[in-house]
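>>> build the 3D model from these lines:
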Amino acid sequence: MSGVIKFFAEFKSIFTSDDVLKENERHANIVVAATMFNIFITAIIIYIFTLVGLFNVNKSMMLDATIRSVFTLLIPSLIAFLLKGKGKYLKYVLLIFLTVSIGAIYSLLTYTATLLLIIPILLAARYYSKKFTIFVAIISIFMLGISEYLGAHFGLLDLNYVELPQGTTMTIETNILNAVKSLDLNEKEVVKYIMLQSYLPKLVIYSTVIAFACAQISQSGKNMIEKQKELSEEGARIESELNLANAIQKNMLPSIFPPFPEHKEIEIYANMMPAKEVGGDFYDMFLIDENHLAIVIADVSGKGVPAALIMMITKTLIKNTALNGKPVDEVFNSVNNMLCEGNQSNHFVTSWFGILNLKDGKLEFVNAGHNPPLVYVKRENKFEFLKTKPNLILAAMENTKYIKHEAMLEPGDKLFLYTDGVTEATNEKNELYGEERLQNYLNHHIEENVENTIKGIKNDIDRFVGNASQFDDITMLEFLFKEKKG
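Sure, this is the predicted structure:
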């Protein structure tokens, strides 16, 4: 008894539950309506071909079927089109009318239309509801039984149903009932034979098996779509978080130029263009005191969020340590040890860090495995690489000793810093932009101001790369020492 109650409760849930995938329901309704409309048009074409004699079909049967299809196919499909697929019960109306229409055709053409009853079941699977697909299958099976029974009396003769004496001549318009009379057979026995020998096998094979197969496909489709929806929502969440991380990262980098409007003796411009939403490159410039300007550029290994987190930590450590008044080499000694602590991810950082005395132009700097900067010496009117023996990268080994180097800048001299995303930009021929091309560009655009120089190099890189994708962050900084501070 409990099993029966459970069955009816489950059957009732077909109409009351939200099992159908709602965001797909309107589209599925339109697909069903379009199928019904196309079947109606096909029926009209067959009827026209019958009238002109191209098809040898019973004209009265075709006329009757065509008139019925106006009410069972055309009108419901047009209503669905007008409603644009909307309607809580529209799917039931459409598929029930479609099943009735196909059942009517089947009752007349019993020997040709068996597979037509699969159409409603297949269409029901488009709603991605296992329960709804089974419901439509039950309706189809029920209609199959009625159509089979009516077809035995009024439909065209299926020669598979009865064994006729040798030499019997039959026409396509002969129905089973007439055949029974002409052959003096027992009508009830023939109908029983037809129902048991033809209906039950078709019921099992065509309806039940296909119905449950479609139900499983429908459920699998629903699971897949729901999984895609979850992934899409997760992707949207990640994208939102990445956009937030991108905004945070940009806010951490100096973005207002000139950064020190009160210092007329210097001019600086920089830009960082991440390969992904967030990057591992960074630059910074800050005043240690009124007479000392710190400039730093760095590149964290890897890309994306992990590199961005290390970038933020490294930038903060360098600035905070430098503001304590330590020399550049001691700054990197301390920062390196702090980065080595708990570096389970094995990220490392290449960096160039310098402190410029604005009063006399003395530049003290340290290089932790970073690309050598280019220096423009005004009296020589050209850019040259400021190459020194680089020290070990940051976060690689504790207690590494970093070597301090010195250089003198005169008014009109420039300093150009960059990350390897510039020189290692690759075109479709797998060629690198390279140091030589970078140096040539700078020497051919000496008169450009610092902002136009940075933007010009980026445009030149874009032209060189062409359609190839950017695989690394691109960061550049140029500093002009206009005059000594008085």
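
>>> for the rest of this, base every contact and every neighbour count on C-alpha atoms.
Fine.

>>> going by residue numbers, what spans are strands in the protein?
In the chain, the segments counted as strands under DSSP state E are 266-273, 281-289, 292-300, 349-357, 362-368, 374-377, 382-385, 405-408, 413-418, 474-481.

>>> and of those strands, who's closest to A28?
strand 266-273 (45.1 Å; C-alpha to C-alpha).

>>> now do that closest one, average pLDDT.
Strand 266-273 comes out with an average pLDDT of 92.

>>> now that strand: how far from the chain's centre is it?
35 Å (C-alpha atoms, centre = their mean, to the nearest Å).

>>> ok, which of the strands of the chain comes nearest L339?
Using C-alpha to C-alpha, the strands of the chain put strand 349-357 closest to L339, at 9.2 Å.

>>> what is the burial count for the residue lying closest to H27 once chain neighbours are set aside?
Using C-alpha to C-alpha, 6 or more residues apart in numbering and skipping residues adjacent in sequence, the residue nearest H27 is G85, 6.6 Å away. The number of residues packed near G85 is 21, by other C-alpha atoms under 10 Å.

>>> roughly how far does G85 sit from F135?
Using C-alpha to C-alpha, to the nearest Å, one obtains 20 Å as the distance from G85 to F135.

>>> please tell me how far the residue sitting nearest the centre point of the chain sits from M224.
In the chain, the C-alpha nearest the mean C-alpha coordinate belongs to S232, at 7.0 Å (C-alpha atoms, centre = their mean). For S232, the distance to M224 (C-alpha to C-alpha) stands at 12 Å.

>>> circling back: check contacts around the residue nearest to H27.
Each residue near G85 by C-alpha atoms under 8 Å, 6 or more residues apart in numbering is listed here: E25, R26, H27, A28, N29, I30.

>>> out of everything not next to it in sequence, what's closest to the first one?
Here the nearest residue to E25 in space, its sequence neighbours aside, is Y127; by C-alpha to C-alpha, 6+ apart that works out to 5.9 Å.

>>> give me the pLDDT for that neighbour.
For Y127, pLDDT reads 78.

>>> my guess is it contacts A28. True?
Yes - using C-alpha atoms under 8 Å, Y127 is in contact with A28, at 6.0 Å.

>>> the more surrounded of those two?
Neighbours around Y127 and A28, counted as other C-alpha under 10 Å, are more numerous at Y127. The numbers are 26 against 21.

>>> check the gap between S232 and S69 for me.
42 Å.

>>> ok, back up a step: nearest to T42, of the strands of the chain?
It's strand 266-273; of those, that one is closest to T42 (C-alpha to C-alpha) at 60.0 Å.

>>> for the closest one, give me every contacting residue.
With C-alpha under 8 Å, 6+ apart as the criterion, strand 266-273 contacts 255, 257-259, 279, 281-283, 450-451, 454, 473-483.

>>> helices along the stretch 301-450 of the chain, start to end?
Listed in chain order, the helices of the stretch 301-450 of the chain (DSSP state H, counting those that start in this stretch) span 304-322, 328-340, 420-423, 434-444, 450-465.

>>> and of these, who's closest to I288?
helix 304-322 (7.2 Å).

>>> below-threshold pLDDT in the stretch 151-300 of the chain: ranges please.
152-209, 212-213, 219, 234-235, 238-250, 277 (pLDDT under 70).

>>> from Y149, how far out is G221?
35 Å.

>>> wait, I meant E384
Counting by C-alpha to C-alpha - E384 and Y149 are separated by 97 Å.

>>> with N251 instead?
From N251 to Y149 the distance is 78 Å (C-alpha to C-alpha).

>>> the more surrounded of those two?
Neighbours per residue (other C-alpha under 10 Å) separate N251 from Y149, with Y149 holding more: 19 against 10.

>>> cool, thanks, talk later.
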